[in-house]
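Peer 1: The following comprises the amino acid sequence and a computationally predicted model.
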Amino acid sequence: MIVNRGEQEVRATGSRRLRRADDFLAATHYMVRFHPQAGATTLRLAAAFAARTHRNRDGHIAFNIMSTTAELGVSRRTVLNHARYLRELGLIAWVEHGSNRNALRARHGTAWQPGHGYRGTATLYALLAPPHWDRAQGHRIHGRGYRARLIGYTPTGRTRAIATARCATRPSRRRRRGRERCTPSVAPTSRPTRLQEGKRDLDYTRPARPARHRASFTAGQCADAITLTERMQREVWWLHGTCSRRVAYALRPLIRLGWTWQDLAEELACWGVPPQLRDPVAYLHHEIARRGRCGELPPAGQLAADAPPVDDDGQRHQAMLRERFHRHDPAWQHYTRQLRPSLRAQLAAARKDRRWQAAAVPVYRPVLREDEETFLASLPTQTWSDAPTPRQIYAARAHRRPPARGQRTRESDLDWQRRLQDEAEAVRACEALGRRLEFRPQVGAGRRVRLPVERSGHERARAMRICAEEATL
């Protein structure tokens with residue numbers, strides 16, 4: 001059972017749409033056994049819903065509680081409870097919830113006036129077929145939910161559907177009794193008729209109609225006629241959607257005369273058919289009979305002068321193929337003996353060269369596409385970071401690719417500028433020390449100045465300052 005109210009909406013239900021009242025009643029009679037509280041009142045409410053299906057082409061019904069209560073003779077709460085049972089069984093679902101909104105205002109739109117009155121918006125239900133009922137009846141369903149469609153039957157479902165249809169079309173015993181006619185000799189009339197009181201020697205019986213002797217069609221002839229009709233229907237536009245069996249039965253007078261499907265298509269295509277026909281087969285019956293009486297139908301087998309003969313057996317097609325083979329056989333022999341071996345050898349050599357080229361690793365030799373000075377000017381300044389080398393930049397430009405970048409460079413560190421300043425101060429201190437030593441060679445002749453080697457920037461700058469101070473002393 002479907003207890004969640006959100007799943008009882010049309011957009012979320014798992015049941016498919018129904019439009020016929022008989023299908024809804026059959027599904028209700030089957031599904032009512034699965035609800036512990038559903039019963040005869042539920043079936044009466046379903047019958048009331050089924051009686052309203054003809055008002056809407058989509059099978060939607062308006063749920064008027066007051067009229068339904070008066071129709072069933074039960075209380076308001078009983079009607080609401082049994083409607084809930086039908087929703088829980090998946091037999092109905094909400095299309096629209098009722099409200100106090102004026103439906104007449106929505107109907108008239110901007111032309112609404114207070115004199116139109118008030119009518120509340122009714123609750124709309126959609127009649128549904130639960131999936132459990134479809135499986136039990138042997139239905140083959142395409143899709144899921146409200147938009148699912150019945151596309152066929154399983155073997156068991158087909159047997160059940162045939163039996164149900166036969167029971168529905170079989171007249172009951174009571175109806176047959178009502179239609180039976182009493183034989184006058186067995187059940188005479190209660191009073192004499194006007195003819196019995198008058199002239200009794202006159203014979204008022206109608207002469208019997210002469211029996212029509214028609215040549216019956218065998219089962220094989222019926223199958224051939226249906227096949228011929230199906231081929232003809234593809235050529236005649238106003239017979240596309242008709243039943244092939246009915247059309248074949250209507251065309252029997254012409255098929256007996258030996259008409260082919262080409263003759264029928266040519267004849268029916270030139271008829272002045274009205275644009276809208278309620279029953280094309282009935283129109284076909286009438287026109288064949290009328291044209292046959294008036295002599296407007298051409299004799300069978302009379303074809304146009306320029307129309308080619310019909311090749312039903314395929315003999316003409318086979319003769320055409322043989323003639324084409326004999327005509328082109330010398331060229332084919334010349335191709336197979338002289339041209340085909342050389343063409344196949346060339347194709348094999350081309351495939352071999354292609355495989356070798358695909359397997360070989362191409363050696364790319366880049367060509368300088370710009371001036372060397374322009375290229376060197378475009379290079380970034382060299383630092384201690386992992387910037388690409390000139391060779392990598394040159395190869396990337398030759399391959400038309402952006403130069404590769406490594407990991408995060410040293411310039412992104414916070415103390416990189418301070419290190420560069422220390423390096424610059426150390427270089428300036430060394431240059432000043434060298435100049436002073438050149439002009440004052442006697443100062444500090446007995447001392448040896450020891451310069452640091454392979455130290456960090458801070459340590460090197462500190463050592464340079466110490467050396468400079470010692471040299472000035």
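Peer 2: Yes, it's here.
Peer 1: And residue 98, how far from residue 142?
Peer 2: 33 Å (C-beta to C-beta, to the nearest Å). In short, each C-beta sits where N, CA and C put it, glycine included.
Peer 1: ok, now residue 390?
Peer 2: Taking C-beta to C-beta, one finds residue 390 at 69 Å from residue 142.
Peer 1: neighbour-wise, which of these two wins?
Peer 2: residue 390 (14 against 11; other C-beta atoms under 10 Å).
Peer 1: Scan this structure for its longest helix.
Peer 2: helix 416-439 (DSSP state H).
Peer 1: Looking at that helix now, give me its mean pLDDT.
Peer 2: Averaging pLDDT along helix 416-439 yields 79.
Peer 1: likewise stretch 333-350?
Peer 2: Here stretch 333-350 scores 90 as its mean pLDDT.
Peer 1: what does stretch 92-105 give?
Peer 2: For stretch 92-105, mean pLDDT rounds to 82.
Peer 1: Can you give the distance of it from its chain's centre?
Peer 2: Centroid displacement of stretch 92-105 relative to its chain, using C-alpha atoms, centre = their mean, to the nearest Å, is 32 Å.
Peer 1: same deal with stretch 251-265?
Peer 2: Its chain's average C-alpha position is 40 Å from that of stretch 251-265, according to C-alpha atoms, centre = their mean.
Peer 1: how long is that stretch from one end to the other?
Peer 2: For stretch 251-265, the first and last residues are 12 Å from each other (C-alpha to C-alpha, to the nearest Å).
Peer 1: buried sites along that stretch?
Peer 2: 251-252, 254-255, 259-265 (16 or more other C-beta atoms under 10 Å).
Peer 1: Cross the residues you listed against helices and list the overlap.
Peer 2: Of the buried residues of stretch 251-265, the ones assigned to helices by DSSP H are 252, 254-255, 261-265.
Peer 1: So residue 101 lies in a helix, does it not?
Peer 2: No: the assignment for residue 101, made by DSSP: H, G, I helix; E, B strand; the rest coil, is strand rather than a helix.
Peer 1: Now the phi/psi pair for the closest residue to residue 264 other than its chain neighbours, please.
Peer 2: Computed as C-beta to C-beta, 6 or more residues apart in numbering, the closest residue to residue 264 that is not its neighbour in sequence is residue 232, at 4.8 Å. The phi/psi pair for residue 232 (degrees, to the nearest 10) reads phi -70, psi -30.
Peer 1: Wait, residue 232 touches residue 265, no?
Peer 2: Yes: the pair residue 232 and residue 265 passes the contact test of C-beta atoms under 8 Å, sitting 4.9 Å apart.
Peer 1: what is residue 128 paired to in the beta sheet?
Peer 2: Note on residue 128: beta-bridge partners residue 17, judged by DSSP bridges.
Peer 1: Go ahead and confirm it touches residue 16.
Peer 2: Yes: counting by C-beta under 8 Å, residue 16 is a contact partner of residue 128 at 6.6 Å.
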